Structure formats: C-alpha cells, structure tokens
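**Q** compute the structure for the input listed below.
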Amino acid sequence: MKKQRGNQSDRKSSVKESKESRSASSNPGTKAISANPVSSKPAAAKAVAAKPAAAKPVSSSKPAAAEPISGKPVGNWEVAGIKKQYLKSRSACKVTFRLPKEAAPDAQKVNIVGDFNNWDGGTAVMKRLKSGDFTITMELETGREYCYRFLIDATKWENDWCADRYRPNPFGCDDSVVIL
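**A** Numbers count the residues shown, from 1 in each chain. Here you go, the predicted structure:
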C-alpha cells in the first residue's frame, strides 16, 4: 500500500509538471505559473510615466518678429485693421479704420463706404498718412454690426483685410463687417 501511495504522489507531481510545461510551451518566453491558487493571480500592473524628452532649440537665434501688412511692428495698433475705442459717456464707439498702402499702392483718394453713411461714395474721405496707409476715425452706435468697403479712386472696391467678419452682398462679393 505504501508503494501505491508513492505511485499516486508520483502521478500528481507528473501531472503538475506537465501542466507547467504546457503553459510554458504555449507562451514561449514566459515562465510557467504554478498551480497554487494564491500565486496564480497576476501581479497588479504598475503605471510608469514616461519622462518627456527635453526640448532642444532648433537654433540659438531668436525668431524674427511677425511683420504686419503695413510693415510696422506688431504691438503697435497702427497697423492695417480696426481700432475700437468705446465711450463711457454714451453707447458709442470711436472706430479707426486703416487701409494699408499695399492694398492701394497708387491710390490718390480712398473713401470708406457702408451702412453708417448709406453707401454714399462721396463722403467719408480717408486721410493718407506718411507711411502711405489711409485712415479715418468715425463715431458709431454700439450694439450693431456695420457692413462697409473701401472705394479706391472711385473705381475699385477693396475689403478690410482685418475686418471682424465678412458677409456676402447682392453683387457677388463680400462686404467687410465691424461688430460693435
């Protein structure tokens, strides 16, 4: 009987070994997991944060400052576009419109035409600056949107390159829009 028990324990150990060898052969490169239920649970995965690589500058020189349309430094409001100055005393805004010389290099006269002057091309003449840009300041009522365009030498229409938005008009092109 002792002999039989020895054979049974031999059989159990050989079954255990065959299970381990099967699991190892089905997953090459892995260790066999023991049949012990306590150790058969996989270990909790540890989250390891990847360290970001240090950023290296492409060149040691500083990048050139962005050049606005009129060629003046960014940070100065006096580039192409719109300057808004809201008045505290009433619901109005002083709006300065500016057309860069690049938009009208050979212009003799530029008018701003829009909702605020009933699209009358003979009014609102813009002033030419030493830089060649054209500018005008108008006081407009707030709480509205105004469509407008620049009329160059009474023959050519130009949009404001820095308008708040653009709106299609019935003539197949867009009007500039200032939002106040």
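
**Q** which stretches of this protein have low pLDDT?
**A** 1-80 (pLDDT under 70).

**Q** ranges for the helices of it?
**A** 2-26 (DSSP state H).

**Q** can you spell out which residues form a bridge with Glu145?
**A** For Glu145, the beta-bridge partners are Ile179 (DSSP bridges).

**Q** neighbours of it, how many?
**A** The tally of other residues near Glu145 (other C-beta atoms under 10 Å) stands at 12. For every residue, glycine as well, the C-beta is placed using N, CA and C.

**Q** residue contacts, it?
**A** Asp164, Val177, Val178, Ile179, Leu180 (C-beta atoms under 8 Å, 6 or more residues apart in numbering).

**Q** of those residues, just say which sits nearest to Lys88.
**A** Of all those, Lys88 sits closest to Leu180, with 14.7 Å by C-beta to C-beta.

**Q** from Thr142, how far out is that closest one?
**A** From Leu180 across to Thr142, the span is 5 Å (C-beta to C-beta, to the nearest Å).

**Q** give me the common contacts of those two.
**A** Both Leu180 and Thr142 are contacted by Cys93, under the criterion C-beta under 8 Å, 6+ apart.

**Q** what's the first-to-last distance across stretch 119-136?
**A** 16 Å (C-alpha to C-alpha, to the nearest Å).

**Q** picking up where we left off before, just curious, which of the contacts of Glu145 is nearest to Gln85?
**A** Among the contacts of Glu145, Leu180 lies closest to Gln85 (C-beta to C-beta), at 10.9 Å.

**Q** that closest one touches Gly143, doesn't it?
**A** Yes. Leu180 lies in contact with Gly143 (C-beta atoms under 8 Å); the separation is 6.8 Å.

**Q** more neighbours: Leu180 and Thr142, which one.
**A** Taking other C-beta under 10 Å, Leu180 and Thr142 do not tie; Leu180 has more neighbours (17 against 13).

**Q** give the contact list for the more buried one.
**A** By C-beta under 8 Å, 6+ apart, the residues touching Leu180 are Lys84, Cys93, Val95, Leu140, Glu141, Thr142, Gly143, Arg144, Glu145, Tyr146.

**Q** any chance of JSON lines for those, columns distance to Gln108?
**A** Compiled in JSON lines, the contacts of Leu180 are given as follows (distance: C-beta to C-beta, whole Å):
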{"residue": "Lys84", "distance to Gln108": "28"}
{"residue": "Cys93", "distance to Gln108": "30"}
{"residue": "Val95", "distance to Gln108": "24"}
{"residue": "Leu140", "distance to Gln108": "26"}
{"residue": "Glu141", "distance to Gln108": "31"}
{"residue": "Thr142", "distance to Gln108": "33"}
{"residue": "Gly143", "distance to Gln108": "36"}
{"residue": "Arg144", "distance to Gln108": "32"}
{"residue": "Glu145", "distance to Gln108": "30"}
{"residue": "Tyr146", "distance to Gln108": "26"}
